[in-house]
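*Asks:* Provide a 3D model corresponding to the input given below.
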Amino acid sequence: MKSLFITSLLSAGLGFGALGASDEQSNGKLKLGDPIPAVAAKDQNGQDVNLGENKTGYTLVYFYPKAMTEGCTAQACSLRDSYTELQQKGVKIFGVSVDTVDAQKEFAEKDHLPFELLSDTDKKVIGAFGVPLFKNAYATRQAYLFKDGKLIWFDTKASTDAQAADVLKVLSKPS
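*Replies:* Reported below is the predicted structural model:
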């Protein structure tokens with residue numbers, strides 16, 4: 001289990017507490033308090049989605065290596081199974097991988113995923129978040145939680161089957 005520490009963003013003028021992944025204040029690209037990158041990709045239905053437009057409530061952007069693989073399915077299904085609870089807390093979810101729009105659509109339909117999956121074949125979203133590549137081809141498993149467009153938590157070694165539990169744990173902490 002990852003150890004989490006509480007970091008205050010009061011000094012950044014954001015007025016709420018934040019949790020960061022173990023001993024990390026930065027992943028090399030985004031830092032706590034940074035705005036959500038204004039980067040666009042197509043979702044599983046071929047619609048353009050600009051992540052930077054999500055500036056109210058909570059936005060979870062999670063990265064996974066490849067649709068329909070064991071770990072990626074466990075991660076997505078963790079979020080699917082807790083989707084109602086996450087929505088009640090105002091969380092909008094976006095999954096991101098280098099898979100094509102068609103592969104993302106198949107993944108969403110096969111596993112009944114109720115949130116948007118973004119096709120990042122050109123790796124613009126991956127680059128904007130500073131997500132390292134695995135085997136120079138796939139995004140590494142990571143998760144980023146934003147509140148009102150500002151980064152409040154990230155996990156550079158995101159869980160598979162406990163992804164939703166990790167996010168809900170962050171959301172249960174007092175602001």
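*Asks:* all contacts plus neighbour counts: C-alpha atoms, from now on.
*Replies:* OK.
*Asks:* you'd agree A139 is up against Y64?
*Replies:* Yes. The pair A139 / Y64 is scored as a contact, 5.9 Å apart, by CA atoms under 8 Å.
*Asks:* Identify the contacts common to these two.
*Replies:* With contacts defined as CA atoms under 8 Å, 6 or more residues apart in numbering, the residues adjacent to both A139 and Y64 are S97.
*Asks:* helices and strands of this protein: which one bottoms out on pLDDT?
*Replies:* strand 5-8 (a mean of 29; mean pLDDT, DSSP states H and E).
*Asks:* how much space between the nearest residue to D111 once chain neighbours are set aside and A40?
*Replies:* When the adjacent residues along the chain are set aside, D111 lies closest to C77, with 7.2 Å between them (CA to CA, 6 or more residues apart in numbering). Distance, C77 to A40, by CA to CA, to the nearest Å: 24 Å.
*Asks:* neighbour count winner among those two?
*Replies:* With other CA atoms under 10 Å as the criterion, C77 and A40 differ in neighbour count, and C77 comes out ahead with 21 against 17.
*Asks:* Can you verify the more buried one is assigned to a helix?
*Replies:* Yes. Assignment of C77 by DSSP: H, G, I helix; E, B strand; the rest coil places it within a helix.
*Asks:* hang on, it packs against D161?
*Replies:* Yes. At 7.4 Å, C77 counts as touching D161 under the criterion of CA under 8 Å.
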